[in-house]
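Q: test case, fold it:
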Amino acid sequence: MAKADTAYSSARALLRLGDVDGVANRAYYAMFDAARAALLASGASVELDIGRTHSGLIGAFGNHLVKNGPVPKEVGRCLNRAHEIRLLADYTGNSVELADIKEMLEQAASFVAFMRAKFMPDETQ
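A: Numbering: from 1, shown residues only. This next block holds a predicted model:
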């Protein structure tokens, strides 16, 4: 979760600088790292290097924690949407709209907070 917190803080700093594509990247990684931490903390039968591929982690997160698990589907969809936005920001010539980035940053904050509360309730931030 420490990596998720750092990525989220970086996303907020990049927003202040006006780097919307950078925000997309760091907000996604905040969610990615929180999802990985939640998977490991949940005791799901996943490899320790589950974060090696994005699709592998997103698939495992969906299968173990969203499909029949404690994470609501709308929360799981936020991770998928963040992945799509990050790909757009990082790998195309198109920039992401500021309104979309602000929404993504809010979703990242909620996502990280949900994973911490659900899977690491004793952890203080």
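Q: can you pull up the most central residue in the protein?
A: residue 31 (1.2 Å; CA atoms, centre = their mean).
Q: mind checking which helix or strand that residue is in?
A: Assigned by DSSP states H and E, residue 31 belongs to helix 20-42.
Q: packing partners for that helix?
A: Contact analysis of helix 20-42 by 3 or more CB pairs under 8 Å, 6 or more residues apart in numbering; DSSP states H and E lists helix 2-17, helix 54-61, helix 73-91, helix 98-119 as its packing neighbours. All C-beta atoms are positioned from the backbone trio N, CA, C, and that covers glycine.
Q: next, the buried residues of the last one.
A: Applying a neighbour-count criterion of 16 or more other CB atoms under 10 Å, the buried positions in helix 98-119 are 100-101, 104-105, 107-109, 111-112, 114-116, 118-119.
Q: next one: the shortest one
A: Residues of helix 54-61 classed as buried under the neighbour-count rule (16+ other CB under 10 Å) are 57, 58, 60, 61.
Q: mind checking which helix or strand of the protein has the lowest mean pLDDT?
A: helix 54-61 (a mean of 90; mean pLDDT, DSSP states H and E).
Q: alpha carbons only: can I get it in PDB?
A: The C-alpha coordinates for helix 54-61 follow below in PDB (Å, rounded to 0.1, in the frame of the first residue of the first chain):
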ATOM      1  CA  HIS A  54      -1.100  -5.600 -15.900                       C
ATOM      2  CA  SER A  55      -3.600  -8.000 -17.500                       C
ATOM      3  CA  GLY A  56      -2.700 -10.800 -15.100                       C
ATOM      4  CA  LEU A  57      -3.200  -8.600 -12.000                       C
ATOM      5  CA  ILE A  58      -6.400  -7.100 -13.300                       C
ATOM      6  CA  GLY A  59      -7.700 -10.500 -14.200                       C
ATOM      7  CA  ALA A  60      -6.800 -12.000 -10.800                       C
ATOM      8  CA  PHE A  61      -8.300  -9.000  -9.000                       C
END
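Q: what residues are up against residue 74?
A: Contact analysis of residue 74 by CB atoms under 8 Å, 6 or more residues apart in numbering lists nothing.
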